[in-house]
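> coords please:
(one chain, ligands or ions: 1)
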Amino acid sequence: MAKDSKAGPNHVAIIMDGNGRWAQMRGRPRLFGHHAGAKRVRDIVESCPGFDVKYLTIFAFSTENWKRTQTEVAGLMKLFRRYIQREARDLLARGVRVRFIGDRVRLDDKLVNMMDELELLTRDNDKVHLTIALNYGGRDEVARATKRLAYDVEQGRLAPKDIDDETLPKYLDTCFLPDPDLVIRTSGEARISNFLLWQSAYAEYDFIDTLWPDFTPAVFEKVLDGFKARDRRFGAVKV
Ligand code: FPP
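Next up is the predicted model:
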């Protein structure tokens, strides 16, 4: 259940955009920006308990990102492996439970094994729930969920008449998560780019100009303060 907006968001989802431009402005290759972005991931995760953010979901790699150059894709995959390797112990010690969403089929086995291990290692943690979207696309997620749902119908485990808006989310990758209260996109682009399409039906959006590698906990705090000032009605009329 979402908290009262005055209390701040319980679940924040972030589209981390602007790494490439941040690097370009410094005359450096795009991967330099992604490495700087990974450091920010660490800072923002660390800041969550202080801001009373229980769930953080970050968009690390989309189903569309495979269209980037082979060098960039390979560099990002290596960065994800390095992040898991370097951060696992610290995440465990800080009480962070890590889970991944997205289609793992196209990811290489070594990375998938590391993802599985990190999920297992942190499964008893409950201070912060970090969800990393890797090879994730909202439409792809709904299509995969529908496939599983149709299979359950075929097997007689689910009757079509019982399918409603509480049934489908149980088949989504995010079945273990509450809906996001706030979706932030950095770098000045006002698009949702296939991120958490179903789950964000009632989320507040904040599109901010800051590039992801400049998104410090201080910037995060300002965005969270802005959320608290908003009036969320979930389709109802305020009395
Ligand atoms: C978008 O910026 C960013 C990505 C596609 C990758 C996000 C990855 C990270 C922040 C790296 C670390 C993540 C983890 C989980 C360790 P862009 O490259 O599209 O930037 P641009 O729009 O300026 O080109």
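
> Excluding chain neighbours, give the residue nearest to whichever residue of the chain sits closest to the ligand in space.
Residue of the chain nearest the ligand, by Cβ to the nearest ligand atom: Gly20 (2.4 Å). C-beta: built from backbone N, CA, C; applies to glycine. Distances taken as Cβ to Cβ, 6 or more residues apart in numbering place Arg30 nearest to Gly20, at 4.5 Å, with adjacent residues excluded.

> interface residues of this protein facing the ligand?
Within the chain, the residues that sit near the ligand (Cβ under 6 Å from any ligand atom) are 16-21, 30, 34, 37-38, 41, 60, 65, 79-80, 83, 132, 187, 212.

> just the strands in this protein please.
11-15, 55-62, 96-101, 128-136, 182-185, 204-207 (DSSP state E).

> Out of those, which gets nearest to Asn194?
Of all the strands of the chain, strand 55-62 sits nearest to Asn194, with 6.3 Å by Cβ to Cβ.

> taking the mean pLDDT, what do you get for the closest one?
Averaged across strand 55-62, pLDDT comes to 98.

> With stretch 222-233 instead?
Here the average pLDDT along stretch 222-233 is 91.

> got the CA positions of that stretch in PDB?
Provided in PDB are the C-alpha atoms of stretch 222-233 (Å, rounded to 0.1, in the frame of the first residue of the first chain):
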ATOM      1  CA  LYS A 222      14.900  17.800  -3.700                       C
ATOM      2  CA  VAL A 223      12.900  15.600  -6.000                       C
ATOM      3  CA  LEU A 224      11.500  13.700  -3.000                       C
ATOM      4  CA  ASP A 225      10.500  17.000  -1.400                       C
ATOM      5  CA  GLY A 226       8.700  18.000  -4.600                       C
ATOM      6  CA  PHE A 227       6.800  14.700  -4.500                       C
ATOM      7  CA  LYS A 228       5.600  15.400  -0.900                       C
ATOM      8  CA  ALA A 229       4.100  18.700  -2.100                       C
ATOM      9  CA  ARG A 230       1.900  16.900  -4.700                       C
ATOM     10  CA  ASP A 231      -1.700  16.000  -4.200                       C
ATOM     11  CA  ARG A 232      -2.400  12.400  -5.200                       C
ATOM     12  CA  ARG A 233      -6.000  11.500  -5.600                       C
END
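
> Any buried residues in that stretch, and which?
Neighbour-count burial for stretch 222-233 flags Val223, Leu224, Phe227, Arg232 (criterion: 16 or more other Cβ atoms under 10 Å).

> what's the offset of that stretch from the middle of its chain?
20 Å (Cα atoms, centre = their mean, to the nearest Å).

> Quick one: residues in contact with that stretch.
With contacts defined as Cβ atoms under 8 Å, 6 or more residues apart in numbering, stretch 222-233 is touched by 2, 5-9, 12, 51, 53, 181-182, 184, 202, 204, 206, 208, 238.

> One more pass at 6 Å, please.
In this structure, residues lying in contact with stretch 222-233 by Cβ atoms under 6 Å, 6 or more residues apart in numbering are Ser5, Lys6, Gly8, Pro9, Phe51, Leu182, Ile184, Glu204, Asp206.
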